[in-house]
Every structure is written in structure tokens, then in C-alpha cells.
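# whatever this is, show me its structure:
(one chain, ligands or ions: 2)
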Amino acid sequence: MSNDRALTAARKTGPVTNSFLKDFLALIKIGIVNSNLVTTFTGMWLAFQFTGLHFLQYLDLIAYTMLGAALIIGGSAAMNNYIDQDIDPIMKRTKARPTVTGRFKPNIVLTISLSFLIVGEILLFTASIVAGMWGLIGILAYVVLYTIWAKRRFVSNTVVGSISGAIPPIIGWAAVDPTFSWETLALFLIMFAWQPPHFYALAMKRKNEYSAANIPMLPVVKGFRRTKISMLLWILLLIPLPFLLYKLGIVFLVLATLLNLGWLCLAISGFSTKDDIKWANKMFVYSLNHMTTTFVLMIIFAIFI
Ligand code: HEM
Ligand SMILES: CC(C)=CCC/C(C)=C/CC/C(C)=C/COP(=O)(O)OP(=O)(O)O
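Ligands and ions are numbered 1, 2, ... in the order given. I've put the predicted structure just below:
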């Protein structure tokens, strides 16, 4: 094939390949998968440090766990998009998803989701039985408890969804150490308390869309002031939790507390802000940086325990 024809062909497939990849990554919610892999790895890393096992002797275990976790989280996200095909077209934020545009047919989405879930679980059970069991709990918590049962019925749906989002670090820990220690509980509780303010900020920004889709998110049902109070209370709950990880040392505790106090100050400023949406956006962006920084600090300071 001549260069010109090859180039034309490449150009033809280029955008198609790019948009396929973009649609596929949107289907599995790659942004949420990647950040959940940070918390999964942190759970594994802390388990190595607290048990004294040397991670270099367990590289296969790390690979099984990280790939397995990525597959079950991506598979659950795809199943969530499959189930939400009726409401996603109504919301501006979700209407470009391949399950809405028709780029991925429902049977293909179901095949991708189930394949990811099955292979992911096989990998996690290969890592350890307990990690596989926690993976199953996480899948059921996200797909059944949250997406099918709570999301469309209850204003407490976000708290229900937080169960699943707090499980990846437990999967990581369980792959290395089957016991559930204070430190394991700390990872769960920190993620559990972090998620409601993380999401409520977004739900405030997208209130009209959730209202149009008839999803009873807190800002839709109770309004902005009640949502701000709830975000403040969840952040107050977050403040003592890093102290369960006191073995990571005083510097970690100071830095983690400063991150929490920064979020607390931002939350309090919400009660006097003139622009709720601008403030909510700041809270959302802060939540992502807060979670990533807190977990990276755990990884760093665990090296010195
Ligand atoms: C109750 C639990 C949670 C809810 C309801 C929730 C909801 C959302 C929503 C609706 C978005 C916007 C995504 C989009 O527009 O496509 C988002 C973004 C994001 N979430 Fe959460 N989330 C939750 C838990 C988590 C957890 C556990 C993590 C990570 C450990 C996380 C990390 C992220 C990240 C990194 C983004 C920005 C990247 C992106 O937009 O894809 N979220 N979240
Ligand atoms: C082990 C395991 C499977 C863990 C799950 C980790 C995970 C995906 C956490 C996020 C939980 C969550 C409620 C996301 C928002 O879904 P949504 O339907 O409200 O978001 P959308 O409106 O953007 O679709």
C-alpha cells in the first residue's frame, strides 16, 4: 500500500480508534478506577509495612491484586452505566456516555462488564480468598445496594454508595494480610467519611440534572443549606480518623490533620459564600486532591514505621 493510501487509511482509523478508546474509558469510568487503584495499592502497601513482609518477594501478588481490582471496579462501573441507561440521557453530565449515544450496544456493555467482573474476581481469589471475598462484597455493594436499590429511592443513597467506595483499600490489605486490624478499619472509615462531601459537592453543581432525572440526591431533596451542613458534619467525622494510623508517626498525623482542617475551613466558608456553585466546585476539586495526598502520605510514611 502506497504511503498516501496508508496515511489516509491511518487518518480514517485514527479518530475512530481514538473515539472508541475514549468511549471505552468512559464506560468503565477510568477516572474513578485509577483513583480507586491508589487506595487499593495503599491498603496493600500498608499491609506489607505493618506485617514486615517484603513486597519485592510478592510482585506477582501485587500484579494479581491491582489488575483484579481494576477489572472489578471497571466492570462494576460498566454495569452501573448499563443499569442507568434510562436516566443518563436526561443528565447533561452523562448523556455523552457510549451507553447513551448507542456507540456500545447493551449486550456488548453487559459482556464487557461480566467478563471484567469474572476475570477480576479470579485474579483477586488467586491473590487471596479474603481479597476475592471483599471484591465480591464491593461489587454487590456498588451494583446492587447502591445502583439498583438505593440510588433512585433514598436520599441516603450516597452513604450507601460509600460502602463500596471504601472497600478497595480493604481488598489491597486483604491480599497481603487476611486479618482486619485497626489500620484496616482506619482506611475503610477514612474513605467512607470522605465520599459524601466529595459527591455532595458535585450533586450541588448538578442539582437540576438529578432533579430532572428524579434521583433523590441530598441537594435535590433537602436543598443547599442542609447539604452544606451534611458536608461539614462528614468532614468533622473525618478529622479524628487519621489518628487510628498513629503508627505512621506524628508528621503524618500533622499533615493529614492540616489537609482535613483545610477542607473544614472551605466547608465553613460555604455558609457565607455568594456563589454556591463556585464554592461547590472548589469543594469537589479539594476532595480529589485531599484523597490523593492523604493516601500518598500514608504510602510514604509507612516506609519508616
Ligand atoms: C458515594 C461514592 C461516590 C460517588 C457518588 C461519586 C460520584 C462521582 C461522580 C458522579 C463523578 C463525576 C464523574 C463524571 O462526571 O463522569 C465523580 C468523579 C470522580 N470521583 Fe467520585 N464518587 C464516589 C466515590 C469515589 C471514590 C471512592 C473515589 C476514589 C477513591 C472517587 C474518585 C473520583 C474521581 C478521581 C473523580 C474525577 C475523575 C472523573 O471525573 O472521572 N469517587 N465521582
Ligand atoms: C470493589 C468495588 C467494585 C468498588 C467500587 C468503587 C467505586 C466505583 C466507587 C464509586 C462509588 C459510586 C457511588 C460512584 C458513583 O456512581 P454513580 O452512578 O452515582 O455515578 P454516575 O452518575 O456518574 O454514573
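
# quick one: low-confidence residue ranges for the chain.
Applying pLDDT under 70 to the predicted model, the residue ranges of the chain that meet it are 1-17.

# in what helix or strand does the nearest residue to S181 once chain neighbours are set aside lie?
Using Cβ to Cβ, 6 or more residues apart in numbering and skipping residues adjacent in sequence, the residue nearest S181 is F50, 7.1 Å away. Using the backbone N, CA and C atoms, a C-beta is placed for each residue, glycine as well. For F50, the host element (DSSP states H and E) is helix 30-51.

# and that helix with ligand 1, contact?
Yes. In terms of Cβ under 6 Å from any ligand atom, part of helix 30-51 sits within range of ligand 1, namely 31-32, 35-36, 39.

# farthest pair within these?
Within these, G31 and T39 form the most distant pair, 13.6 Å apart (Cβ to Cβ).

# between those two, which is the more surrounded one?
Between G31 and T39, counting by other Cβ atoms under 10 Å, T39 is the more crowded of the two (28 against 12).

# leaving out the residues flanking it, which one is nearest to that one?
Skipping the residues right next to it in sequence, T39 comes nearest to P169 by Cβ to Cβ, 6+ apart, at 4.4 Å.

# contact partners for that neighbour?
With contacts taken as Cβ atoms under 8 Å, 6 or more residues apart in numbering, P169 has the following neighbours: 39-40, 42-43, 184, 187-188, 191.

# over to K207?
By Cβ under 8 Å, 6+ apart, the contact set of K207 is 217, 219-220, 224.

# now the top helix by length along the chain, how far from the chain's geometric center?
Counting residues, the longest helix in the chain under DSSP state H turns out to be helix 276-302. Offset of helix 276-302 from its chain centre (Cα atoms, centre = their mean, to the nearest Å): 13 Å.

# what angle do that helix and helix 30-51 make?
Here the directions of helix 276-302 and helix 30-51 differ by 30 degrees (axes from the mean of the first three to the mean of the last three Cα atoms, to 10 degrees).

# quick one: is helix 276-302 near ligand 2?
No. Remark: helix 276-302 sits outside contact range of ligand 2, by Cβ under 6 Å from any ligand atom, the gap being at least 11.7 Å.

# for that helix, name the packing helices and strands.
Counting contacts by 3 or more Cβ pairs under 8 Å, 6 or more residues apart in numbering; DSSP states H and E, the secondary-structure elements packed against helix 276-302 are helix 30-51, helix 182-205, helix 250-269.

# now these as TSV including distance to R103?
As requested, the helices and strands packed on helix 276-302 are arranged in TSV below (distance: least, Cβ to Cβ, whole Å):
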stretch	distance to R103
helix 30-51	16
helix 182-205	24
helix 250-269	37
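
# which among those is found nearest to ligand 2?
Of all the helices and strands packed on helix 276-302, helix 30-51 sits nearest to ligand 2, with 5.0 Å by Cβ to the nearest ligand atom.

# can you list contacts of the closest one?
53-55, 58, 62, 65-66, 69-70, 73-74, 77, 165, 168-177, 181, 183-184, 187, 191, 247, 288, 291-292, 295-296, 298-299, 302-303, 305.

# and with 6 Å instead?
Taking contacts as Cβ atoms under 6 Å, 6 or more residues apart in numbering, the residues outside helix 30-51 that touch it are 55, 65, 69-70, 73-74, 168-169, 171-173, 175-177, 183, 187, 295, 298-299, 302, 305.

# now the helix or strand containing L110, how far from the chain's geometric center?
Under the criterion of DSSP H and E, L110 resides in helix 106-127. Chain-centre distance of helix 106-127: 18 Å, with Cα atoms, centre = their mean.

# can you check stretch 50-65 too?
Taking the mean of its C-alpha atoms, stretch 50-65 sits 23 Å from the chain's own mean (Cα atoms, centre = their mean).

# contact residues of the stretch 201-305 of the chain facing ligand 1?
That would be 202, 288, 291, which are the residues of the stretch 201-305 of the chain within reach of ligand 1 (Cβ under 6 Å from any ligand atom).
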